[in-house]
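**Student:** Sequence and predicted model, in that order:
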Amino acid sequence: MPIHPTAIVDPSAQIDETAVIGPFCVIGSDVTIGAHTGLKAHVFVEGPTTIGEENIFYPYSTVGVAPQDLKYHGERAETHIGNRNKIREFVTIHRGTTGGGLLTSIGNDNLLMAYSHIAHDVRVGSHCVLANGVTLAGHVMIGDWAVIGAFTGVHQFCRIGKHSMVGGYSVITQDVMPFATTVSKRENSVFGANATGLERRGFDPVAIEHLQNALRILTRANLNTSQAIARIEAEIPATEEIADLLAFIRSSERGVIK
């Protein structure tokens, strides 16, 4: 097992023999690290934390540390990270709390750019990109394939829908609809479907057009949300994407950005 002699590894840590632990890393107790995962240097990991396979942690990232929640008093809470994630420099990932199910989790194939912050009880899906300085407050949920632009802040308990795009420097205080492009200027606004991202992922052009039309009704038809949903159901074909969009809106507790 290639562990640099300057690394400090708790004897109880379970580290796959193919993992690489670089200089000056600190691995605490109750930590599991999977095959071919690499910690380049100066990475700090506290348990209970489970890290999957083929992840790369760049220098000065911290994983599984206690949350910045004054209600947290040392109870056992976990951090789970999947496979093939890239965790860049100075990323901070905090473990969960009692109020959020005692778990912070990150899926597979995500890119967390430098200085991004994953607070307690956050759930990040798979194939997501968090650009530099993105800050997720506690209990935030990020759907698969979401892209969040640099220096965006997301309020506690907000959801970012799957296949959505959030522009840089946004302040998100309500849910971001799936498949949509949302940008904060003087106020948060939706600028149609995330057409470029959907095209890159192989979505049918007709399905994208239906999403565009549905989002226009939601954001440009001068209707309240209930009226807009009724009109969408009456005028737009009930594709899987439209069903997902409407289900997301109906389940929103904070309201959606329109």
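**Tutor:** Nice, thanks for sending it over.
**Student:** and residue 169, how many neighbours?
**Tutor:** Neighbourhood size, residue 169 [other Cβ atoms under 10 Å]: 14. (C-beta placed from N, C-alpha, C; glycine too.)
**Student:** which residues touch it?
**Tutor:** With contact taken as Cβ atoms under 8 Å, 6 or more residues apart in numbering, residue 169 is in contact with 149, 150, 151, 152, 184.
**Student:** ranking those residues by neighbours, who comes first?
**Tutor:** Going by other Cβ under 10 Å, residue 152 tops these with 24 neighbours.
**Student:** That one touches residue 166, doesn't it?
**Tutor:** Yes. Using Cβ atoms under 8 Å, residue 152 is in contact with residue 166, at 5.6 Å.
**Student:** what packs against the lowest-mean-pLDDT helix or strand in the chain?
**Tutor:** Of the helices and strands making up the chain, the lowest-confidence element is strand 188-193, at a mean of 80, by mean pLDDT, DSSP states H and E. Counting contacts by 3 or more Cβ pairs under 8 Å, 6 or more residues apart in numbering; DSSP states H and E, strand 188-193 is packed against strand 180-184, helix 205-220.
**Student:** And those: which comes nearest residue 197?
**Tutor:** Taking Cβ to Cβ, strand 180-184 is the member of the helices and strands packed on strand 188-193 nearest to residue 197, at 8.3 Å.
**Student:** And the contacts of the closest one?
**Tutor:** 152, 161, 164-167, 169-172, 176, 188-195, 215, 257.
**Student:** likewise stretch 231-250?
**Tutor:** Under Cβ under 8 Å, 6+ apart, the answer for stretch 231-250 is 159, 161-162, 175, 177-179, 203, 207, 210-211, 213-214, 217-218, 221, 223, 225, 229, 256.
**Student:** one more time with 6 Å, if that's ok
**Tutor:** Stretch 231-250 is contacted by residues 161, 178, 207, 210, 211, 213, 214, 217, 229, 256 when judged by Cβ atoms under 6 Å, 6 or more residues apart in numbering.
**Student:** and the second one, what is it in contact with?
**Tutor:** Going back to what we said before, that points to residue 178. Applying Cβ under 6 Å, 6+ apart, the residues near residue 178 are 161, 162, 163, 164, 244, 245, 248.
**Student:** Specify the local secondary structure of the last one.
**Tutor:** It refers to residue 248. At residue 248 the chain is in helix, as set by DSSP: H, G, I helix; E, B strand; the rest coil.
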